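Peer 1: quick one: sequence plus predicted model below, questions after.
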Amino acid sequence: MPKTTKTQRQPKVVSGEGYCRKCKKILPLDKFYEATNPYLDENGFMSICKIHCHEIYNHYFSIYNNMEKALQLTCQDLDIRFSAKALEQVQSHIEKLLSTGKKADAVFGYYKSKLSSLSRGNEGIDNFRFRDSDILNNNSLPIINENNYTLGESNFEVTQDFIKFWGTNFDKQEYEYLSEKLDEYLNTYECETPAMEELLKQAAFESLEIRNKRQKREDASKNLKNLQDILGSANIKPNQETGANATEQATLGVLIKKWETEEPIPEPDPEWKDVDGIGKLIRVFFLGHLCKMMGINNDYSKEYEEEMEKLRVNLPENELFDDLEEGI
């Protein structure tokens with residue numbers, strides 16, 4: 001069989017090694033990630049080693065405590081595509097690792113691996129630069145800047161009322177999250193008392209804490225338990241909602257009986273009772289007349305007789321006889 005011709009390496013690569021411009025050392029190629037900018041990294045590997053790629057990510061994460069922000073800024077520095085789908089897969093992968101008691105301290109490595117697995121067959125290496133990122137090709141996604149959280153973000157403003165209501169220990173994005181979460185609760189559940197509003201407010205606090213801890217890859221089980229307790233106190237836990245839904249889906253007859261037992265209709269004021277006399281007309285001239293025809297002696301027939309007596313005209317007997325004699 002003919003010998004396979006080996007690929008010629010570029011001058012900077014000697015015996016399977018590469019140069020890291022961050023640590024200024026020559027390292028084996030397995031210490032580098034695959035390149036995404038072949039114009040600059042002609043040997044097919046990045047010019048910054050894996051250790052310093054992780055160092056860049058950890059630097060941004062230590063500042064912002066936000067995985068998405070840190071990854072986006074790292075990708076921007078290293079000229080790597082930022083993919084929201086790859087980020088979701090990384091977050092899912094980290095959750096699985098943590099659930100099994102394993103460490104998850106190579107976030108950028110996970111991201112680079114997931115990004116490679118998402119590539120389509122017709123995509124070359126040059127389609128994985130930062131200019132190919134979702135955030136640049138989809139205007140609905142925010143672009144993160146190193147000095148500001150997002151460019152083109154919402155017009156949410158932190159007012160003194162927000163600070164007075166929520167406290168002073170949050171940044172703008174956290175204030176916005178708390179506000180949206182509380183609005184979500186208030187639009188979903190009835191809140192008629194200050195106590196209920198306070199419970200929903202505490203639920204928003206716990207939701208924010210859970211989100212922040214998961215972004216830091218920390219255990220949030222205690223906060224989840226606290227959130228469940230708060231929702232239970234507010235009577236809006238999922239199992240409690242299921243019971244409420246079962247009641248709402250009851251038949252009309254069951255609901256009418258429930259309403260009559262719990263919230264019966266009160267007797268109307270006398271001035272509003274049968275103001276048009278419709279009830280009496282039906283009672284006397286329908287029910288009473290019917291009972292009279294059937295020979296039934298009851299209150300309806302008696303009321304009918306009393307009412308008919310008012311309408312009868314009786315001539316005196318002496319006048320009747322006088323009329324008869326005149327006729328003779």
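Peer 2: Nice, thanks for sending it over.

Peer 1: would you tell me which helix is longest in the protein?
Peer 2: helix 194-215 (DSSP state H).

Peer 1: may I have the following helix or strand past that one as PDB, with CA atoms only?
Peer 2: Sequence order places helix 221-233 as the next helix or strand after helix 194-215, per DSSP states H and E. Provided in PDB are the C-alpha atoms of helix 221-233 (Å, rounded to 0.1, in the frame of the first residue of the first chain):
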ATOM      1  CA  SER A 221     -31.100  22.900  47.100                       C
ATOM      2  CA  LYS A 222     -31.600  25.000  50.300                       C
ATOM      3  CA  ASN A 223     -33.100  27.900  48.300                       C
ATOM      4  CA  LEU A 224     -35.400  25.500  46.400                       C
ATOM      5  CA  LYS A 225     -36.700  24.200  49.800                       C
ATOM      6  CA  ASN A 226     -37.200  27.800  51.000                       C
ATOM      7  CA  LEU A 227     -39.100  28.600  47.800                       C
ATOM      8  CA  GLN A 228     -41.300  25.600  48.200                       C
ATOM      9  CA  ASP A 229     -42.100  26.600  51.800                       C
ATOM     10  CA  ILE A 230     -43.000  30.100  50.700                       C
ATOM     11  CA  LEU A 231     -45.200  28.900  47.900                       C
ATOM     12  CA  GLY A 232     -46.900  26.500  50.300                       C
ATOM     13  CA  SER A 233     -47.600  29.300  52.700                       C
END
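
Peer 1: so which elements touch helix 221-233?
Peer 2: Contacts defined by 3 or more CB pairs under 8 Å, 6 or more residues apart in numbering; DSSP states H and E place helix 221-233 against helix 194-215. All C-beta atoms are positioned from the backbone trio N, CA, C, and that covers glycine.

Peer 1: could you redo the last one with a cut-off of 10 Å?
Peer 2: helix 194-215, helix 238-248 (3 or more CB pairs under 10 Å, 6 or more residues apart in numbering; DSSP states H and E).

Peer 1: compute the inter-axis angle for it and helix 194-215.
Peer 2: For helix 221-233 against helix 194-215, the angle by axes from the mean of the first three to the mean of the last three CA atoms, to 10 degrees is 160 degrees.

Peer 1: mind listing what's buried along helix 221-233?
Peer 2: Across helix 221-233, burial judged by 16 or more other CB atoms under 10 Å covers 223, 226-227, 230-231.

Peer 1: would you mark the buried spots in the longest helix of the chain?
Peer 2: Buried residues in helix 194-215, counted by 16+ other CB under 10 Å: 196, 199-215.

Peer 1: what's the least confident stretch among the helices and strands packed on helix 221-233?
Peer 2: Among the helices and strands packed on helix 221-233, helix 238-248 carries the lowest mean pLDDT, at a mean of 50.

Peer 1: could you point out the helix or strand that follows that one?
Peer 2: Per DSSP H and E, the helix or strand that comes after helix 238-248 is helix 252-262.

Peer 1: mind giving me the packing neighbours of that following helix?
Peer 2: Counting by 3+ CB pairs under 10 Å, 6+ apart, helix 252-262 packs on helix 238-248.
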